[in-house]
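A.B. asks: this is a predicted model, with the sequence first.
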Amino acid sequence: MKFIFFGTDDFSVTVLDELKRSGFLPSLIVTTPDKPKGRGLKILPSTAKLWSERNNIPVTELTPDVGGFKHRVSAAAVEIFIVASYGKIIPKAILDIPEKGVLNVHPSLLPKYRGASPIESQILTDEKEIGVTIMLMDEQMDHGPLLAQRKIETKSRKKLAEEGGKLLAETLPKWIAGEIQAVPQDESKASYTKKITKKDGLLDLAGDPYQNFLKICAYESSVGTYFLKDTKRIIIKDAKFENGNLIITRVIPEGKKEMNYEEFLRGLH
């Protein structure tokens, strides 16, 4: 089975790891351009690109030259594309290339939680019905018909990616063999999520402790959370919820190294 994989971040890499364990390796990985990261804004490759290098898989980026990409796909005899946390809109001209379509690993039970932040939104609302979906992509956002779904009791981004990868590995050969019927989504049950920003990670420590804890869990792997002390940003690195209380354990004060929260508090007095 020859396929092209579109992905960028840690979620993508976890799905790739699960595919590899099941004996599926992509012919090509398409990822986003290298970009500045961290305090020094050093130009770094995506984690999917690093995975491709470790596993000797060719890697590329999408360009406006759709014709060239089509030629490359045809020459490689690729029959299906897979998308997992790619992070960019894929043009319809690209989606229309593979004979068997484009499968997407989506971290929610569609049609609920479509859009840019399904994992974060499910955690923030304390959703009990969490899971992953394998869908057949079309040009609309998370709109295509469903191939498979699995419910999971977790608030872990990594666990959702692992189960998504396993479900994909189970679904992929069945879809290629024509053993699965794609089922349209129920549009009346669709809900949408928004793109999150660093401002969303600001906590009011005087607010509801459980909602603050959910926010910490939700943004842990994306924008992170922080509170302000004397206009300085204090980043929360670890916390827990016990007996109705939010207990912060690790922080990074602005301009300083990571430390225990108690050590930080002692330094304030």
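C.D. replies: The structure has been received and is ready for your questions.

A.B. asks: so residue 80 makes contact with residue 173?
C.D. replies: No - under the contact definition of CB atoms under 8 Å, residue 80 does not touch residue 173, with a separation of 10.7 Å. For the C-beta atoms, the positions are set from N, CA and C on the backbone; glycine is no exception.

A.B. asks: which one's more surrounded, the two?
C.D. replies: Applying other CB atoms under 10 Å to residue 80 and residue 173 shows that residue 80 carries more neighbours, namely 18 against 14.

A.B. asks: what's the more buried one in contact with, if anything?
C.D. replies: Applying CB atoms under 8 Å, 6 or more residues apart in numbering, one finds that residue 80 lies in contact with 1, 3, 4, 98, 99, 100, 101, 102, 103, 172, 175, 176.

A.B. asks: that one - nearest residue in space that isn't next to it in sequence?
C.D. replies: Across the structure, with CB to CB, 6 or more residues apart in numbering as the measure, the residue nearest residue 80 apart from its sequence neighbours is residue 100 (4.0 Å).

A.B. asks: re earlier: mutual contacts of residue 80 and residue 173, please.
C.D. replies: Common neighbours of residue 80 and residue 173 (CB under 8 Å, 6+ apart) are residue 1.

A.B. asks: for residue 236, phi and psi?
C.D. replies: Dihedral angles of residue 236 (phi, psi; degrees, to the nearest 10) stand at phi -90, psi 120.

A.B. asks: for residue 257, see how far away it is.
C.D. replies: Distance of residue 236 to residue 257, computed by CB to CB, to the nearest Å: 15 Å.

A.B. asks: circling back: can you tell me how far the residue nearest to residue 80 is from residue 257?
C.D. replies: 50 Å.

A.B. asks: neighbour-wise, which of the two wins?
C.D. replies: When neighbours are counted by other CB under 10 Å, residue 100 and residue 257 differ, and residue 100 comes out ahead with 16 against 6.

A.B. asks: who are the neighbours in contact with the more buried one?
C.D. replies: Taking CB under 8 Å, 6+ apart, we find residue 100 in contact with 79, 80, 175, 176.

A.B. asks: pLDDT at the first one, what is it?
C.D. replies: Residue 79 is assigned a predicted lDDT (pLDDT) of 92.

A.B. asks: out of the contacts of residue 80, who's nearest residue 88?
C.D. replies: Proximity of the contacts of residue 80 to residue 88 (CB to CB) peaks at residue 102, which lies at 13.5 Å.

A.B. asks: neighbours around the closest one, how many?
C.D. replies: Look at residue 102: counted by other CB under 10 Å, it has 22 neighbours.

A.B. asks: so the residue lying closest to residue 259 once chain neighbours are set aside: helix, strand or coil?
C.D. replies: Among residues not flanking residue 259 along the chain, residue 251 sits closest, at 6.5 Å (CB to CB, 6+ apart). Going by DSSP: H, G, I helix; E, B strand; the rest coil, the secondary structure assigned to residue 251 is strand.

A.B. asks: so what does the longest helix anywhere in the chain touch, helix or strand wise?
C.D. replies: The helix spanning the most residues in the chain, taking DSSP state H as the definition, is helix 157-176. Using 3 or more CB pairs under 8 Å, 6 or more residues apart in numbering; DSSP states H and E as the contact definition, the elements that helix 157-176 packs against are helix 10-21, strand 80-84, strand 102-106, strand 131-136, strand 146-151.

A.B. asks: redo that, cut-off 6 Å
C.D. replies: Using 3 or more CB pairs under 6 Å, 6 or more residues apart in numbering; DSSP states H and E as the contact criterion, the elements in contact with helix 157-176 are helix 10-21, strand 131-136, strand 146-151.
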